[in-house]
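Here's my sequence, what's the structure:
(chains A and B, ligands or ions: 2)
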Amino acid sequence: MIVGASAAGLSTAEALRRQGYQDPITILGAEADPPYDRPPLSKQYLRGDWDADRTRLRPDSMLDALGANFILGDPAISLDVDRRLVRSAAGRELAADAIVIATGLRPRALPDQAGLAGVHVLRTLADAAALRADLSNAPKVVVVGNGVLGVELAATARQLGCAVTLTGRQAAPMESQFGPMVAGLVAQLHTTEGVELHSGTAVTGLTPADGRVTGVQLAGGDHLPAEVVIVAIGSEPVTDWLAGSGLRLDDGVVCDSRCRAADGIYAAGDVARWYHDGQRALLRLENRTNATEQAACVAANIVGESHSYVPVPYFWSDQFVTKIQVHGIQTADAEVTVVEGNPADHRFIAHYRRDDRVIAVLGWNMPKQIRLHKQQYLT
Amino acid sequence: MKIIVDQDKCVASGQCVSSAPDVFDQREDDGIVVLLNDNPPAGLADDVRQAAALCPALVITIVE
Ligand SMILES: Cc1cc2nc3c(=O)[nH]c(=O)nc-3n(C[C@H](O)[C@H](O)[C@H](O)COP(=O)(O)OP(=O)(O)OC[C@H]3O[C@@H](n4cnc5c(N)ncnc54)[C@H](O)[C@@H]3O)c2cc1C
Ligand code: SF4
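Ligands and ions are numbered 1, 2, ... in the order given. Next up, the predicted model:
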C-alpha cells in the first residue's frame, strides 16, 4: 500500500516488482492526474516546449504492466499504525502488510495571498497550467523567494519575455546552498539575462486592487509593482494526515536508517526524514534522484532485505542555458575552489571542502565531467 | 533486449553511465545521453534495467 502517486510512490511500486514482489500493490494518490514528473513543470512545461502529456512519468502501457491498483483523486486522511490501515477522504479503508508514505511537499504561502488573483505557487501540474496561462501575455512578474525554485522560475519567466524581478531574503540567489562565490555567479547570470535582482530583503506583504495583486511590499519600504507574483518561499512535508497516528513527525516523517517509521511503515521521497548512517544525522532531501533511490531502498527492505540508505545526494537546476549540478552535501560556509574550467568561460567545476575533505562537487555546464569528479571524490 | 532513449528528455545526470558504462555514454559538450549499444548482450541486462530505473528523467525504455 503506497500513499502518494508521484515520483517516490511510483518508483517504490516499480522497484517492488523488479525485486520479485508478487502480492497486490495499491497506490493511493490525492491528485486525479496520472503520475507526472515535477522538474519539467518549472522548465519545459512552463516554457510551453512540452505539453502536459510529456511530463507523465510512465505511459499507460507501463502503468498497466505494473499490475497495481491505482486509486487517484482520493487523498489519505488518516493512518492506523497498529492495524496498518489507511482511511481516505472518499471513505475507503485500505489495510496492508506494508505501508509506504510518499506524500511529498506542499508549498508555503504568504499570509495574505489566499484568494488574490495573479498570485501563484508551483508544485502541481494544475499550478503550472494556471501559471502558464497567466504568463502568456508577458506580464510584469515578481518572484518572491531566491532559492532554487524561485531562481528557475525567474529564468523561465524571462525566457517567456516577461519583465522579471527576483526578490528574496538571501543576499544573493541560492547563497544559503551554494555559498557567496557561486551565488554571485548565479546573480551575474540573471542580471546579464535581464532579470532585476532585489536580494537580501524580506517581503512584508502583497498589495491588492479589486481582488488582483498589484505588487509586492518590501521590508525596507520599497514597492515592486507586478501583474503576476510567483511565491517560491519553500515547502513543508505533507504530514497533516498523519497527525495523531503516533508516528514521529518533525520536519517530515522521521525514520530509522532503513527508512522505517514503524513496524511495516516506511517513508520515501521529499516527505521522509531518515537517519543517514554515513552522515550520522537525520536528513531530508528534496530532489528528484532521491525519490527514486530511496524508493528502491524501501522496496528492498519490504521484500525482506535490510539496507540502510546512504546516498550521495544529487540535484540539478537549469537556468537559461546553464545547467548546475551538485553531488554531495555542500554547506554555504565550506571552502570553495574551482578545480577545472573557468567561471569566466561559463564552464567550471568547484569543490566544496570542510576539514580538508571534499564534501561536494558542483558543475556549471560540465555535465560529463562532474560525474567523474563525483566518482573520484565522493564514492 | 532493445533499448530506446529519448534524448530530448535527458537531464544529463549520468546515472545511466554509472550503472552501465558499456551501454551508455554522455556527449562531451552538454552531457546528453548517447546509446553505445541499442541491443546489449544478456549479461548486461541487469545493469541496463538498473540504469532505466534510476534515470531521473525517465529517458530509457527497454523493450524485452
Ligand atoms: C517545479 C519543480 C521543479 C523541480 N525541479 C527539480 C530539479 O530540477 N532537480 C531536482 O533534483 N528536483 C527538482 N524538483 C524536486 C522533485 O520534483 C521532487 O524531489 C520530487 O517530485 C519528489 O517526489 P515525491 O514523490 O517524494 O513527492 P511529490 O512529487 O511531491 O509527490 C507526492 C504526491 O503525493 C500526493 N499526496 C499528498 N498528500 C496525499 C495524501 N494525503 N494522500 C494521497 N496522496 C497524497 C501528492 O498529490 C503528490 O502527487 C522540482 C520540484 C518542483 C515542484
Ligand atoms: S540517467 Fe537519464 S537523464 Fe541521466 S544522463 Fe542518463 S539518460 Fe540522461
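
Tell me how far stretch A:108-126 lies from the chain's centre.
The chain centre lies 17 Å from the centre of stretch A:108-126; the measure is C-alpha atoms, centre = their mean, to the nearest Å.

Pick out the residue in the stretch 251-379 of chain A sitting closest to ligand 2.
A:Pro367 (7.6 Å; C-beta to the nearest ligand atom). (Glycine included, C-beta is placed from N, CA and C.)

doesn't A:Val326 make contact with that residue?
No: A:Pro367 lies out of contact with A:Val326 (C-beta atoms under 8 Å); the separation is 11.8 Å.

Find residues that contact each of these two.
Common neighbours of A:Pro367 and A:Val326, using C-beta atoms under 8 Å, 6 or more residues apart in numbering or on different chains, do not exist here.

Quick check: phi and psi on the residue of the stretch 251-379 of chain A found nearest ligand 1?
Closest to ligand 1 within the stretch 251-379 of chain A is A:Gly269: 2.1 Å, counting by C-beta to the nearest ligand atom. The phi/psi pair for A:Gly269 (degrees, to the nearest 10) reads phi 90, psi -160.

distance of it from A:Tyr309?
12 Å (C-beta to C-beta, to the nearest Å).

Now the common contact residues for these two.
Joint contacts of A:Gly269 and A:Tyr309 (C-beta under 8 Å, 6+ apart) are A:Gln294.

Wondering if the longest helix anywhere in chain B reaches chain A at all.
Longest helix in chain B by number of residues (criterion: DSSP state H): helix B:45-54. Yes: using C-beta under 8 Å from any C-beta of the partner chain, helix B:45-54 reaches chain A at B:49, B:53-54.

Can you check the pLDDT for A:Gly220?
The model reports A:Gly220 with a pLDDT of 88.

That one contacts A:Thr201, correct?
Yes: contact criterion C-beta under 8 Å: A:Gly220 and A:Thr201 qualify, at 5.9 Å.

Compare the two and say which is more crowded by neighbours.
A direct count of neighbours by other C-beta atoms under 10 Å in any protein chain shown for A:Gly220 and A:Thr201 places A:Thr201 higher, at 18 against 10.

The more buried one against A:Asp222, yeah?
Yes: using C-beta under 8 Å, A:Thr201 is in contact with A:Asp222, at 7.4 Å.

can you pull out the helices in chain A?
Using DSSP H, helices in chain A cover A:7-18, A:44-47, A:60-66, A:125-134, A:148-159, A:175-192, A:288-302, A:367-378.

possible to save those helices as TSV with distance to A:Val238, mean neighbour count and mean pLDDT?
TSV is the format used below for the helices of chain A (distance: least, C-beta to C-beta, whole Å; neighbours: other C-beta atoms under 10 Å in any protein chain shown; pLDDT from 0 to 100):
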stretch	distance to A:Val238	mean neighbour count	mean pLDDT
helix A:7-18	12	25	97
helix A:44-47	22	20	97
helix A:60-66	23	13	96
helix A:125-134	15	16	98
helix A:148-159	17	25	98
helix A:175-192	23	19	95
helix A:288-302	14	24	98
helix A:367-378	30	20	95
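
Please identify which helix or strand holds the residue of chain B found nearest chain A.
Per C-beta to the nearest C-beta, B:Gly31 is where chain B lies closest to chain A, at 2.4 Å. Using DSSP states H and E, B:Gly31 is not contained in any helix or strand.

Enumerate every residue touching it.
Contacts of B:Gly31 (C-beta under 8 Å, 6+ apart): A:323, A:366-368, A:371, B:12, B:14.

before we move on, back to that, count of neighbours near the residue of the stretch 251-379 of chain A closest to ligand 1?
32.

so how far is ligand 1 from the spatially closest residue to it that is not a sequence neighbour?
Distance criterion C-beta to C-beta, 6 or more residues apart in numbering or on different chains; nearest residue to A:Gly269, sequence neighbours excluded, is A:Ala8 at 2.7 Å. Between A:Ala8 and ligand 1 the distance is 3 Å, computed by C-beta to the nearest ligand atom, to the nearest Å.

wait, doesn't A:Ala8 sit right on A:Leu57?
No: counting by C-beta under 8 Å, A:Ala8 does not reach A:Leu57; the two are 10.8 Å apart.

Any idea how far apart the tips of stretch A:303-312 sit?
24 Å (C-alpha to C-alpha, to the nearest Å).

what is the rounded mean pLDDT of it?
Stretch A:303-312 shows an average pLDDT of 97 in the prediction.

and the strand or helix carrying B:Ile3, which strands flank it?
Using DSSP H and E, B:Ile3 sits within strand B:2-5. Applying DSSP bridges, strand B:2-5 is found paired with strand B:60-63 (antiparallel).

buried set for the strand it pairs with?
By neighbour count with 16 or more other C-beta atoms under 10 Å in any protein chain shown, strand B:60-63 contains the buried residues B:Ile60.

rewinding a little: save the contacts of B:Gly31 as CSV, and put in distance to A:Leu166 too.
What follows is the contacts of B:Gly31, written out as CSV (distance: C-beta to C-beta, whole Å):
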residue, distance to A:Leu166
A:Lys323, 19
A:Met366, 25
A:Pro367, 25
A:Lys368, 30
A:Arg371, 30
B:Ala12, 25
B:Gly14, 29
